[in-house]
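>>> Show me the folded form of this:
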Amino acid sequence: MDTKDIKQLDGIIKSLGEKKLGYGIHSTRSFVSAHPYMMYDDELENIERDYTLMLDYMKRGFNDPQRKDIYNSLLTRLYKFVSNLRISYMSQNIQFFSEATRKSINQSFSNDRIKSALESFVTDVAMLSLEPEPARTEKSKEIYRTHNDFIQALFGYIVVSRQWTDNERDFFEGILLSPATDIIDAQLITSAITIATMNNMDINKFHVLINIYTKTTDSRLRQRALVGWVFALSSDVKIHPQLKQLVASVLENPDVINEIADLQKQIIFCMNAEQDNDTIQRDIMPELMKNNNLNITRFGITEKEDDPMNDIFDPGASERAMEKMEEGFQKMMNMQKAGSDIYFGGFSQMKRFPFFYHVANWFCPFYLEHPEISSTVDKLKDTPLLSNILNNGPFCDSDKYSFTLAVASVINHIPANMREMFNTKEALGQTVSDEDQKQPAYIRRMILQDMYRFFRLFYQRSQLVNPFDRHHSIFVADDLFDGTGLNKVFPDLCYFMLKHKNKNALACLLPKYNDENDARCMLTHGIYELNFAHNPASAAKYLEKAIELQPDSRRAKSMLARACFETENYNDAAKWYGIIYNEDNSSKTNALNYCVALSKAEKYAEAINLLYKLDIEYPDSISVIRVLAWNLMGMNKLQQAEKEYKRITKSNEAENGDWLNAGYCQWFIGNISEAINMFKTFMSFQSKNQSYNLYDEFSKDRSFLLSHGIDEIDMLLMTDLMKE
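This next block holds a predicted model:
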């Protein structure tokens, strides 16, 4: 939708949002004059006339108490006119909308026709049980085929529909809530209303989505309506004062606030799908492929024959391979439990079937009778695979269709023993219980995954507003939520975004805070400053205030300790890390952080006793030995420090910096040749950076070196010795 004409219409709508009625009227008239082929009614002339009368009354000095209301009414009327003009233009010039129009143009969509078609379908399906078996199958296919043609056309009709009247709003709300409407149809219609409202804001369509969310007793429809009205906020046009009222009223329920916060998190998980897929492909799949027992060839899939010599030359190899495979699967399952969309990468390659050329199919709940997979179902009728997918598979509906179509296309090339495997409940691996599938969070996740695949993979996606893009994805930052109870969950959302390193989300959320007396606000600002603005000094100020207001906030204390450390205020860092350690002295991490801060503050004697204690408790912990060795050097106990560095460098956990510090120890002792060897080992890890100089590293530790008698000249000489 990046055409000049669409931009012009969007500019008009933007001006109406700014209440520039006169400019909007003039610009609309200019557009209409430049597009004489566009069909429109006489509403523009009526608006122009009423606005002229308003100006004339004002010019004559009449004091009209209704002037403000009339002005706002004219704004709304003009918006409806321009919005209808916009959808009419898109239906003629934008491929996605023109195809939706073409699909629906030969159908009648009066209210009576829609109601009759939806209710008749439910009745016809119910009556199938009375048919004799030979005729039942064919009649069933005909009923579903005819109805699918209708519902696909209705989907397109709604997507390109003009602004709804109040009567249309009430009608669609009524059929969506009616028990006489099939639940799959209700969900598809809800998705159509969502797409329509996202791309051309309509207060009455939005009203339907809100009301379905609050009134329906069906969890599947309720969650689809929730995603619908939230995604409708992706429309950048919100001139209707009713929008604010509708959103505020629904957020009076605390449960709704929590549900919306969870939805925002789930959207982030969806947007991380490709990153998660990279993790699976890089870290998990190589092990799974290496240890599987299958050969995949162009002639089909065969099992590898076990090599009897393996058990002789490498006893236990098969068990280890199985353990690694199980470990890989477990990693993926843990990612899924945490909310990751682990199937996106695999199923994204299966969206090229003709089934996915039809937009409604991307949003259609999975059902076996869908006419466009009926031939596939016939191919797989001898296996319970499809019922397993439908009832237990951890896939979204879009992926269920993909999987079914893909399996049908290769079923004849799969070995008989593997086809037999499909008869087992374990064929799908990890399954989802009936109870879990009924949970709102699970239902919502599946809906979001369907929508993410559509907006990421559908071939006309660029012609639509994308709710997952950078501009729209952090929907909780929308101005419509200002002053509502949603602000209460912002701290939790900020921590979540921080954990997922989503800088864009934090940048959207944090400006919403303006209450300096809110400790959570202070803490979140501090985290933002520390992690993304690279200003730990400013962070420390926020965090100190946060602790004054919330003395028991361990997170605030931890962040403040880190902020002090990064500003090289090591005395205060040691103070706060000490407080944290005393509150929980069972934590190894707390103890080590405290010791590191003490060593940076040159309080080696205070750190050493605790480090000896830790070394006894964790005798093989290199992280403990590393801090112990540095503090021993600080106390000039060089022989003891040398002993500890030998423990480190002989271990498999030695880090690059350990060789540098071990070199310092040898240098202090006077073993120059050994120090050079240590420094060369350290530098070998820096070889990729050709401009790297050992002197730069010495400069970082200048005060420590000076305290051990290594002056500037010594540092320069050692640097030159390294070049020989």
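>>> Number of residues surrounding the residue nearest to residue 5 when sequence neighbours are not counted?
Using CB to CB, 6 or more residues apart in numbering and skipping the chain neighbours, the partner closest in space to residue 5 is residue 89 (6.2 Å). In this view, the C-beta of every residue, glycine as well, is placed from N, C-alpha and C. Using other CB atoms under 10 Å, residue 89 is surrounded by 20 other residues.
>>> Over to residue 683?
19.
>>> contact partners of the one helix or strand residue 452 maps to?
Here residue 452 is covered by helix 440-457, with elements defined by DSSP states H and E. The contact list for helix 440-457, computed with CB atoms under 8 Å, 6 or more residues apart in numbering, reads 219-220, 222-224, 226-227, 231, 259, 262-263, 266-267, 269-271, 273, 339, 341, 343-344, 347-348, 351, 356, 359, 362-363, 396-399, 432, 436-437, 461, 464, 466-468.
>>> residue boundaries of the helices in the stretch 451-600 of the chain?
For the stretch 451-600 of the chain, applying DSSP state H, counting those that start in this stretch gives helices covering 490-499, 503-509, 519-531, 536-549, 554-566, 570-583, 588-600.
>>> weakest of these by average pLDDT?
Ranked by mean pLDDT, the helices of the stretch 451-600 of the chain end with helix 519-531 at the bottom, a mean of 59.
>>> pretty sure residue 625 is touching residue 643, no?
No. Taking contacts as CB atoms under 8 Å, residue 625 lies outside contact range of residue 643: 10.0 Å.
>>> The two: which is more packed in?
Using other CB under 10 Å as the criterion, residue 625 and residue 643 rank with residue 625 on top: 23 against 14.
>>> and the more buried one, what is it in contact with?
So residue 625 contacts 615, 644, 647-648 (CB under 8 Å, 6+ apart).
>>> run the last query once more with 10 Å
611, 614-615, 618-619, 643-645, 647-648, 651, 653, 658 (CB atoms under 10 Å, 6 or more residues apart in numbering).
>>> Flag the shaky bits of the stretch 401-550 of the chain, pLDDT-wise.
Within the stretch 401-550 of the chain, the stretches with pLDDT under 70 are 410-431, 513-535.
>>> Next one: the residue nearest to residue 547 when sequence neighbours are not counted relative to residue 577, how far apart?
In space, and not counting its chain neighbours, residue 547 is closest to residue 556: 5.0 Å by CB to CB, 6+ apart. As for residue 556, its distance to residue 577 is 14 Å (criterion: CB to CB, to the nearest Å).
>>> Wait, residue 503 touches residue 474, no?
No. Contact criterion CB atoms under 10 Å: residue 503 and residue 474 do not qualify, at 11.2 Å.
>>> ok, those two, which is more surrounded?
residue 474 (20 against 13).
>>> neighbours of the nearest residue to the more buried one once chain neighbours are set aside, just the number please.
Of all residues not flanking residue 474 in the chain, residue 508 sits nearest, at 4.2 Å (CB to CB, 6+ apart). By other CB under 10 Å, 19 other residues sit near residue 508.
>>> again with residue 75
Residue 75: 21 neighbours (other CB under 10 Å).
>>> What helix or strand is it located in?
Residue 75 is located in helix 67-93, with elements delineated by DSSP H and E.
>>> just checking, next helix/strand downstream of that helix?
Using DSSP H and E, the helix or strand that follows helix 67-93 in sequence is helix 95-104.
>>> where in the stretch 251-400 of the chain is pLDDT low?
273-347, 381-386, 389-390.
>>> which residues touch residue 212?
Counting by CB under 10 Å, 6+ apart, residue 212 has contacts 172-173, 176-177, 186, 189-190, 193, 218, 221-222, 224-226, 228-229.
>>> rerun that using 6 Å as the cut-off
Residue 212 makes contact with 176, 225, according to CB atoms under 6 Å, 6 or more residues apart in numbering.
>>> Same check on residue 80?
Residue 80 sits next to residue 163 when contact means CB under 6 Å, 6+ apart.
>>> Return the distance of stretch 135-145 from the chain's centre.
41 Å (CA atoms, centre = their mean, to the nearest Å).
>>> No further questions, thank you.
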